[in-house]
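Undergrad: dropping a prediction and its sequence here:
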Amino acid sequence: MENVGIYTPPQQKPVSDAEISDTYSPNLNTADLEVTASAQAKLSEIISQSEDDVEGIRIYVGGGGCSGMSYGMTFTDEVSDYDTILQFDDFKVLVDVVALNYLRGAQIDYIQEVGRERFVFNNVFAETGGSGTCGGCSSSGGG
């Protein structure tokens, strides 16, 4: 086999710190992720009752597959270099940049129903177009 050449990757212009700061901000706003008033009140209550040193509430995304992504929250005691932050009066919501890709445009709400209280994530995949439903892998049964 004859040698057809050596691949040379395209050269990219180095990115300066000023250019990075123009395109990336660790601060979130309500267009990125909305936390309803009822969810804010409950999160504030939960944090105030915690005996641990809590830096904020971390929102995470996991899973995938036929049942779609799973969304959750946990206390965190540190902020990472990869976190984006939505600041409230008495607490912070932290979302790493990878999870933010699945959460952008979502709303976190707190619902109280008879015998059941829970946080819900509304409008997930609003901008990415995902559905969280099965059907793409042909292994959902039925034939």
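TA: Looks like it came in fine. As the structure is a prediction and not an experimental result, all values here were calculated from the model.
Undergrad: the nearest residue to residue 54 once chain neighbours are set aside pairs with what?
TA: Leaving aside its sequence neighbours, residue 54 sits nearest to residue 75 (CB to CB, 6 or more residues apart in numbering; 4.8 Å). C-beta: built from backbone N, CA, C; applies to glycine. Beta bridges link residue 75 to residue 57 when assigned by DSSP bridges.
Undergrad: I'd guessed residue 75 sits against residue 60; true?
TA: No - using CB atoms under 8 Å, residue 75 is not in contact with residue 60; the gap is 11.7 Å.
Undergrad: one step back: now do the contacts for the residue nearest to residue 54.
TA: 47, 50, 52, 54, 56-58 (CB atoms under 8 Å, 6 or more residues apart in numbering).
Undergrad: how confident is the prediction for it, by pLDDT?
TA: Note for residue 75: predicted pLDDT of 92.
Undergrad: helices or strands up against the lengthiest helix in the chain?
TA: Counting by DSSP state H, the longest helix found in the chain is helix 37-49. Helix 37-49 is packed against strand 106-113, with contacts defined by 3 or more CB pairs under 8 Å, 6 or more residues apart in numbering; DSSP states H and E.
Undergrad: give me the buried positions along whatever helix or strand comes next after the strand it packs on.
TA: As assigned by DSSP states H and E, the chain's next helix or strand after strand 106-113 is strand 116-122. Going by neighbour count (16 or more other CB atoms under 10 Å), the buried part of strand 116-122 is 119, 121.
Undergrad: keeping just the C-alphas, turn the helix or strand that contains residue 62 into PDB.
TA: For residue 62, the host element (DSSP H and E) is strand 56-63. What follows is strand 56-63 as a C-alpha-only set of coordinates in PDB (Å, rounded to 0.1, in the frame of the first residue of the first chain):
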ATOM      1  CA  GLY A  56     -25.500  25.100  48.000                       C
ATOM      2  CA  ILE A  57     -27.900  22.700  46.300                       C
ATOM      3  CA  ARG A  58     -26.300  20.700  43.400                       C
ATOM      4  CA  ILE A  59     -28.600  19.800  40.600                       C
ATOM      5  CA  TYR A  60     -27.500  16.700  38.700                       C
ATOM      6  CA  VAL A  61     -28.500  14.700  35.700                       C
ATOM      7  CA  GLY A  62     -28.000  11.000  35.400                       C
ATOM      8  CA  GLY A  63     -29.000   8.000  33.400                       C
END
